[in-house]
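S.K.: Pasting the sequence and the predicted coordinates here, then a few questions.
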Amino acid sequence: MHSINLNGMGVALITPFHSDKSIDYDSLARLLEYQIQNGVDYIVVLGTTAETATLTEEEKDSVRNFVVERVNGRVPLVLGHGGNNTMGLVESLKQIDLSAFSAILSVVPYYNKPSQEGIYEHYKAIAKASPLPIILYNVPGRTGVNMNPKTSLRLAREFDNIIGIKEASGNVSQMDEIIKNKPADFMVISGDDGITFPLITLGAVGVISVIGNAFPREFSKMVRLALEGDYKNALPIHHKFTELFSLLFVDGNPAGVKCLLHAMGYIENELRLPLVPTRITTYEQIREVLNSL
């Protein structure tokens, strides 16, 4: 069993596209270097922010292999591997070469709206099949169902290879309940950039970040300072980003961060349908904030 320390800032990597919507590997390579040179602690490949839902199986394989080759062991890699067909996920776990990855991040099944028992059984099946440690991912705003703390804690206690949870419910008291009652080595990770600072003060170990795509150095510094208990120096960095946090998500993710990276000259501002770029007004506001930063 691999072990991975999820303390700090992981980045939910975007997938850059050309104007014809094909994958822009040159920009992806540049982005990976930018991340690694600027202190990211680990990289999440093929998560929500990567627009994975709109990639073909061939493209997913190709992105996975490309990132593995480029990163070349310099930082740990986490693979997004979730869905709403439990048997299909279990089968594909046997087919993918997972040797370069330290863990998988697996989202609560969406659209089907399983009960808490269904969610538990889903993760139990994945835990039994996975050669890698598993990070649960609760994001009710996208899945349509909230995994409650009781279910998260039950999974944390019953399966040694379920090592953490990315909590993006936005419900701080729910996250606090998990932190308070979890097994000692189970890691709670913020799934929202905007509440990473307060969550770390409660006992979260870090964040899987969207904004880290664009500001890896600054945001990972904030996370590190907060983890060291240096709230006095972490808080101003958190506050510097607060305006950007809301702008980045007003037209959805990853439209906001892609707009930001485009304004910074890293990528073309292209998404795949059903996602579209941010509105012009949002783009202008992001540009203004960027200039002030």
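M.R.: Okay, I see it. Numbers count the residues shown, from 1 in each chain.

S.K.: and stretch 270-282, average pLDDT?
M.R.: What stretch 270-282 shows for mean pLDDT is 97.

S.K.: how long is it end to end?
M.R.: With CA to CA, to the nearest Å applied, stretch 270-282 spans 15 Å between its terminal residues.

S.K.: Give me the buried positions along that stretch.
M.R.: Using 16 or more other CB atoms under 10 Å as the test for burial, stretch 270-282 gives 270-271, 275, 277-278, 282. In this view, the C-beta of every residue, glycine as well, is placed from N, C-alpha and C.

S.K.: Go through those residues and name the one nearest Phe186.
M.R.: Among those, Leu275 lies closest to Phe186 (CB to CB), at 33.0 Å.

S.K.: Wait, that closest one touches Ala50, no?
M.R.: No - the pair Leu275 / Ala50 is not scored as a contact, 11.7 Å apart, by CB atoms under 8 Å.

S.K.: who touches both of those two?
M.R.: Common contact partners of Leu275 and Ala50 (CB atoms under 8 Å, 6 or more residues apart in numbering): Pro254.

S.K.: quick check, distance from stretch 44-60 to the centre of its chain.
M.R.: Averaging C-alpha positions (CA atoms, centre = their mean, to the nearest Å) puts stretch 44-60 12 Å from its chain's average.

S.K.: Name the residues that touch it?
M.R.: Identification of contacts with stretch 44-60 by CB under 8 Å, 6+ apart yields 10-15, 23, 63-64, 67, 77-81, 101, 105, 107, 139, 142, 208, 210, 213, 253-254, 257, 271-273, 275.

S.K.: Let's see that with 7 Å instead.
M.R.: The contact list for stretch 44-60 (CB atoms under 7 Å, 6 or more residues apart in numbering) reads 10-15, 23, 63-64, 67, 77-80, 105, 142, 208, 210, 253-254, 271-272, 275.

S.K.: Which of these fall within helices?
M.R.: Applying DSSP state H to these, the entries found in helices are 63-64, 67, 142.

S.K.: Give me the buried positions along the longest helix along the chain.
M.R.: In the chain, ranked by residue count with DSSP H as the criterion, the top helix is helix 231-250. Residues 234-235, 237-238, 240-241, 244-245, 247-249 are the ones in helix 231-250 that count as buried (16+ other CB under 10 Å).

S.K.: Roughly how far does Val276 sit from His262?
M.R.: For Val276, the distance to His262 (CB to CB, to the nearest Å) stands at 14 Å.

S.K.: what are the ranges of the helices in this structure?
M.R.: With DSSP H as the criterion, the chain has helices at 25-37, 57-71, 86-95, 116-129, 140-143, 149-158, 172-181, 196-202, 216-227, 231-250, 255-263, 280-292.

S.K.: Return the distance of the third one from the chain's centre.
M.R.: The one in question is helix 86-95. Centroid separation between helix 86-95 and its chain, computed with CA atoms, centre = their mean, is 21 Å.

S.K.: How about the fifth one?
M.R.: Helix 140-143 sits 14 Å away from the centroid of its parent chain (CA atoms, centre = their mean).
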